[in-house]
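Participant: After the sequence you'll find the predicted model.
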Amino acid sequence: MRMHRPTHDGDQYMPPGQRFFVGGNLNARLPEKAAANSPQGNSVAKIFRALRDQWKADTAFSSSVSEIVMHSAYLQIIGLGSDVLPCIFNELRMEPDHWFVALESITRENPVDDEHAGDVNAMASDWLMWDAQPRLDLVCA
């Protein structure tokens with residue numbers, strides 16, 4: 001069972017409790033007041049919701065996971081970086097969907113148990129357990 005893939009910053013191992021996130025300076029920890037709580041964070045949440053809505057509308061009838069995760073709006077969500085993580089986790093709590101590529105791209109981790117691969121609900125549960133671990137508090141405003 002694979003629970004955590006080591007996170008690396010260069011050659012230095014970063015334990016899960018001291019994760020660094022992609023989307024900014026990899027050598028600096030996120031400030032205690034997460035960017036999602038700032039006026040810019042509110043903007044990130046609005047951008048996220050617009051991109052999410054576009055992504056869901058455009059891929060609603062697609063059965064190709066590759067097509068779903070390569071959609072322009074999905075890639076733009078990944079481009080928002082760590083500020084968007086609270087929004088993605090809120091989505092997973094409400095309605096599990098294919099957020100896993102985005103989560104792995106942003107966090108550089110994959111807590112999904114190998115036995116859960118392909119089971120969206122189980123994969124969402126694994127990521128939500130990862131999110132529940134002690135770390136900086138992030139909120140999607």
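Facilitator: In hand now; what should we look at?

Participant: so how far does stretch 64-84 reach from one end to the other?
Facilitator: End-to-end distance of stretch 64-84: 24 Å, with CA to CA, to the nearest Å as the criterion.

Participant: can you check stretch 91-100 too?
Facilitator: 12 Å.

Participant: Return the set of buried residues in it.
Facilitator: Of the residues in stretch 91-100, 91-92, 96-100 count as buried by neighbour count, 16 or more other CB atoms under 10 Å. Using the backbone N, CA and C atoms, a C-beta is placed for each residue, glycine as well.

Participant: Make CSV out of the residues you listed and add secondary structure and pLDDT.
Facilitator: Below are these laid out as CSV (DSSP: H, G, I helix; E, B strand; the rest coil; pLDDT from 0 to 100):
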residue, secondary structure, pLDDT
E91, helix, 95
L92, helix, 94
P96, coil, 92
D97, coil, 93
H98, coil, 93
W99, coil, 96
F100, helix, 96
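
Participant: what would the residues you listed look like in JSON lines with distance to A124?
Facilitator: What follows is the buried residues of stretch 91-100, written out as JSON lines (distance: CB to CB, whole Å):
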{"residue": "E91", "distance to A124": "9"}
{"residue": "L92", "distance to A124": "5"}
{"residue": "P96", "distance to A124": "4"}
{"residue": "D97", "distance to A124": "8"}
{"residue": "H98", "distance to A124": "10"}
{"residue": "W99", "distance to A124": "8"}
{"residue": "F100", "distance to A124": "8"}
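
Participant: Point out where this protein drops to low pLDDT.
Facilitator: 1-42, 135-141 (pLDDT under 70).

Participant: please redo it, this time with the cut-off set to 80
Facilitator: 1-42, 134-141 (pLDDT under 80).

Participant: ok, longest helix in it?
Facilitator: helix 39-59 (DSSP state H).

Participant: Starting from that one, tell me the next helix or strand along the chain.
Facilitator: Moving toward the C-terminus from helix 39-59, the next helix or strand (DSSP states H and E) is helix 65-69.
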